[in-house]
Each structure stands twice: as C-alpha cells, then as structure tokens.
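# Fold the following for me, if possible:
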Amino acid sequence: MLNHSEQDLRYFEGKPLHRTFNGEDFAQFIRNLKSIYLAEQSLESLFLLKEGETNFYHALHRFRERFLGNEPHRCHKHISSTYKNSSAKRLMMFLRWMVRRDARRVDFGLWKNISPQYLSIPLDVHTGTISRKLGLVTRKQNDWKTVEELDESIRKMNPTDPAKYDFALFGLGVTKEI
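Sure, this is the predicted structure:
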C-alpha cells in the first residue's frame, strides 16, 4: 500500500470490483490509506475515544473526516456517517475484529489501546429484527440511535465486552425460528 505508484492504480480505472465499489473507489481508498499510514503507525489512533466518550459515535466521524479529507469523491458513499445517523455496521464490524480478543480467535484483537467495553454490536436488518423480537430494542429503524438503545440493553449483561453477543444475535434466527 505504501509503495504503490499512480501508474499502479491506473490499472483499476473503469473496472467494476464489487457491486457499487469500482476501480476508481479502490484507487482512492489506497491513496487515502497511504496518506494515513505515512502520518500514523496504525489506523488505531484514528479510532481512539476522547475523554467522556462512551461509544464510537464521535470517533467514527473523526475517522471518516480524516480518511475522506476535504475533496469530493465517490468514496464518501462507502464510509458511513454516524453524524447522519448511520448504524455504521461495516465500521463497527471492523472495530470488533481489531479490538476484541477471544479464545476462539474469531476477532483478531490486534489493537491494544482501545477497550472492548466501548464496542457496539454491528447493527443490520437481521440483528435489528432479532433484537426487537428479544425486547432489546423498541425502535423500528436500524440506525445509530438503535445502536445506542441496543448498547444500553447489552451492556447490562456485560459492560466490559458487549460485542461478544454479536454472534449470538446473528446466529439466532439463522439457525432457529424465534
């Protein structure tokens, strides 16, 4: 990533890569990541919570701002904005992988400076539906406010590692009727 040239990235121009993510998006992601890694040793520092923060709401916004910069680009649609009430499912999944450490090694736990107590369950249609059926949330939308409502319920069960229930919620309903 740090050693690419613009010529290397031109290879991806005009190529569809995955649904709405095309070669131009990929090239811009690589440029943005290179810029970050030239300034930081890890992406972890971009997700550190500040004093008084109890979840990743603001940290995700700071990461988004730093990653995307000020230039308008198609990439803006690929990085969720909690400030626009997105549940930021993909970013929360990424954070779970990088922050949580578990015996089964499902989550990598590579980052050591962020406590799992701040993680939220990545919310999507499925986990939202299961959470409603279990009475963990009442909101009908799958947005950031619902993430916070789910946090409140889940943290009563385990305040030090609330994201550990992600697999249970995801698996429920896939394997059994609720």
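
# what's the spacing between Thr146 and Met92?
12 Å (C-beta to C-beta, to the nearest Å). For every residue, glycine as well, the C-beta is placed using N, CA and C.

# Give the residues shared as contacts by these two.
Counting by C-beta atoms under 8 Å, 6 or more residues apart in numbering, the residues touching both Thr146 and Met92 are Leu123.

# can you pull the buried residues of stretch 43-52?
43-44, 46-47, 49 (16 or more other C-beta atoms under 10 Å).

# got it, and stretch 116-132?
116, 118-123, 127-132.

# Equivalent analysis for stretch 138-153, please.
Under 16+ other C-beta under 10 Å, the buried positions of stretch 138-153 are 142-144, 146-151, 153.

# Could you tell me which of the residues you listed belong to helices?
Among those, DSSP state H puts 144, 146-151, 153 in helices.

# Does Asp102 touch Phe108 like I think?
No: contact criterion C-beta atoms under 8 Å: Asp102 and Phe108 do not qualify, at 9.6 Å.

# pLDDT value on Ser81, please?
Looking at Ser81, its pLDDT reads 97.

# what about it, how many residues close to it?
16 (other C-beta atoms under 10 Å).

# you'd agree it is up against Arg62?
No: contact criterion C-beta under 8 Å: Ser81 and Arg62 do not qualify, at 11.5 Å.

# what residues do these two have in common as contacts?
By C-beta under 8 Å, 6+ apart, no residue touches both Ser81 and Arg62.
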